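**Student:** Pasting the sequence and the predicted model now:
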Amino acid sequence: MTRTKQQNKYYWKCIVKSLCDHTGYHKYEMHEQLKTMFIPDRSNELTTKDFTQYCDEIRIWAQQELDVILPQPNEY
């Protein structure tokens, strides 16, 4: 099963938008950069579990490298 609509909404609104606000990237540029960094293949083919892990890895990276704390899905 691919990611859910709720996961997709969380990703674009909480992860991508927050990182764009911090870095100045356009949302599609940020998305491509994140995919390149964390998943070499296509993100729309991830299972719900894989997509959750992808978002977790981004949150950890953002906090460690950018000092940006991204909300957890249950905080969205």
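**Tutor:** Received, thanks. Numbers count the residues shown, from 1 in each chain.
**Student:** in what helix or strand does the nearest residue to Ile39 once chain neighbours are set aside lie?
**Tutor:** Using Cβ to Cβ, 6 or more residues apart in numbering and skipping residues adjacent in sequence, the residue nearest Ile39 is Tyr54, 6.0 Å away. In this view, the C-beta of every residue, glycine as well, is placed from N, C-alpha and C. Tyr54 is located in helix 48-61, with elements delineated by DSSP states H and E.
**Student:** Can you mark which positions in that helix are buried?
**Tutor:** For helix 48-61, a neighbour-count test (16 or more other Cβ atoms under 10 Å) marks 51-52, 54-55, 58-59, 61 as buried.
**Student:** Repeat that for stretch 15-25.
**Tutor:** For stretch 15-25, a neighbour-count test (16+ other Cβ under 10 Å) marks 15-16, 18-20, 25 as buried.
**Student:** isn't Thr2 right up against Thr47?
**Tutor:** Yes. Contact criterion Cβ atoms under 8 Å: Thr2 and Thr47 qualify, at 6.8 Å.
**Student:** chain center to stretch 68-76, what's the gap?
**Tutor:** 11 Å (Cα atoms, centre = their mean, to the nearest Å).
**Student:** Check stretch 40-56 too.
**Tutor:** Centroid separation for stretch 40-56 versus its chain: 9 Å, with Cα atoms, centre = their mean.
**Student:** Start and end of that stretch, how far apart?
**Tutor:** For stretch 40-56, the first-to-last residue distance is 16 Å (Cα to Cα, to the nearest Å).
**Student:** So, low pLDDT: which residues of this structure?
**Tutor:** Scanning the chain with the threshold set as pLDDT under 70 gives 1, 42-44.
**Student:** Let me see the ranges of the strands in the protein.
**Tutor:** Counting by DSSP state E, the chain forms no strands at all.
**Student:** can you give me the helices in it?
**Tutor:** Under the criterion DSSP state H, helices of the chain are mapped to 5-10, 17-23, 27-38, 48-61.
**Student:** Now distance to Pro73 too, for these, in CSV please.
**Tutor:** Output for those, formatted as CSV (distance: least, Cβ to Cβ, whole Å):
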stretch, distance to Pro73
helix 5-10, 5
helix 17-23, 13
helix 27-38, 16
helix 48-61, 7
